[in-house]
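Engineer: coords below, sequence missing:
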């Protein structure tokens, strides 16, 4: 294992909530919950530290959050705004190294190995990042400096919020986590922790003491967890290229279950444009189209089909998804989604019939306009605002309006 690496983990503090408080000072000091509204179906995306005092946490059912804190302020997330702030954060981080790996909009790793000559120099960068984030974004972040990714993430959580901490050696890491719950280790979530607890492995120390047993009953996963318990983690900071994604999909969860397959078909038409927008931004085309359905009993099914010509065209995606929808079991539907898979870049695909003949493109364009007109006449809603919009929340608002109209008929 390479123990000479120098890695920084940067984690924004209560990111979505902090951005909202930055932009609206009246929210400061009040419990703020970002996610669904209390009367909607959904979960908490994040919340500020005032809300956490009530036991509210990310992923909690929104109704439970409301019961815990009925006087809290609930807001829908504004992902366009958060993404813009995240892009500004990335510019700051990438000014120190080109080896960055982002886990989410609000956190990422930097590999400073070879970029700095000492821990002191890395420490200076860590503090400088915190200073610049405050000065340029008016937000706080917590920074961890360590010899591995797991240790760096642990370090960034030690002094939250607005913290800084270092874990320079494997021995230092083990001293910190040895008597903590196994969930203190990277990748150990609720399910894995539950499995370990069943066998009397509650703490990191237990994991060390029962390492042979854990390896035997959990196989390769067990070997990995035991390595982490002893402070070994040789994972590299790997820059992520969005174009390397293997599929592109968009889905929507209704606030109330729906049974109208006409509405579902219409929603697929709208979601297809969100898939197209991302695919074209990345210059990717799909050889196949997928459909996802989740019923009211939480049972999910997926269906897929190859298309005749590699495409990222919304209408092609919609037509294929619509065809798949016709062959699924009727019932109360909670979620619907569509996407493309087996992705290719521009150079790796054959030109389609529509690419070559402008007349075919004109026919498709007319079909699209006719479909939008049909939706407008049926739902009595003007869809112009979302035809060419990448605003996810605005698109989803329109889908909910469609559901409400259908429900009132």
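Structural biologist: Cool, got the structure. It should be emphasised that the depicted structure is a prediction, and the values quoted were computed from it without experimental measurement. Numbers count the residues shown, from 1 in each chain.

Engineer: pretty sure residue 43 is touching residue 62, no?
Structural biologist: Yes: with contact defined as C-beta atoms under 8 Å, residue 43 and residue 62 form a contacting pair (5.8 Å). In short, each C-beta sits where N, CA and C put it, glycine included.

Engineer: need the residues touching each of the two.
Structural biologist: Counting by C-beta atoms under 8 Å, 6 or more residues apart in numbering, the shared contacts of residue 43 and residue 62 are 35, 36.

Engineer: settle it for me: which of these two has more neighbours?
Structural biologist: More crowded of residue 43 and residue 62, by other C-beta atoms under 10 Å: residue 62, with 21 against 15.

Engineer: give the contact list for the nearest residue to that one once chain neighbours are set aside.
Structural biologist: Distances taken as C-beta to C-beta, 6 or more residues apart in numbering place residue 36 nearest to residue 62, at 4.4 Å, with adjacent residues excluded. Contacts for residue 36 (C-beta under 8 Å, 6+ apart) come out as 42, 43, 62, 74, 76.

Engineer: now stretch 269-276: how far from the chain's centre is it?
Structural biologist: Between the centre of stretch 269-276 and the centre of its chain there are 19 Å (C-alpha atoms, centre = their mean, to the nearest Å).

Engineer: next SSE downstream of the lowest-mean-pLDDT helix or strand in the chain?
Structural biologist: Least confident helix or strand of the chain, by mean pLDDT, DSSP states H and E, is helix 353-356 with a mean of 42. Using DSSP states H and E, the helix or strand that follows helix 353-356 in sequence is helix 358-379.

Engineer: for the stretch 301-409 of the chain, which spans come out with low pLDDT?
Structural biologist: Scanning the stretch 301-409 of the chain with the threshold set as pLDDT under 70 gives 346-361, 389-391.

Engineer: same thing but at 80, please
Structural biologist: Filtered on pLDDT under 80, the stretch 301-409 of the chain yields the residue ranges 308-309, 344-362, 388-393.

Engineer: quick one: the strands in it?
Structural biologist: Assigned by DSSP state E, counting those that start in this stretch, the strands in the stretch 301-409 of the chain fall at 333-345.

Engineer: same deal with the chain?
Structural biologist: 7-12, 32-35, 44-47, 73-75, 100-104, 107-111, 141-146, 164-167, 247-258, 284-295, 300-311, 333-345 (DSSP state E).

Engineer: ok, now how distant is residue 117 from residue 94?
Structural biologist: For residue 117, the distance to residue 94 (C-beta to C-beta, to the nearest Å) stands at 20 Å.

Engineer: please read the previous query as pertaining to residue 54.
Structural biologist: Using C-beta to C-beta, one gets 37 Å for the distance from residue 54 to residue 94.

Engineer: compare those two and say which is more crowded by neighbours.
Structural biologist: Ranked by neighbour count (other C-beta under 10 Å), residue 54 and residue 94 place residue 54 first, with 17 against 14.

Engineer: picking up where we left off before, so what's the backbone phi/psi at the residue nearest to residue 62?
Structural biologist: Dihedral angles of residue 36 (phi, psi; degrees, to the nearest 10) stand at phi -80, psi 160.

Engineer: from residue 71, how far off is it?
Structural biologist: Relative to residue 71, residue 36 is positioned 17 Å away (C-beta to C-beta).
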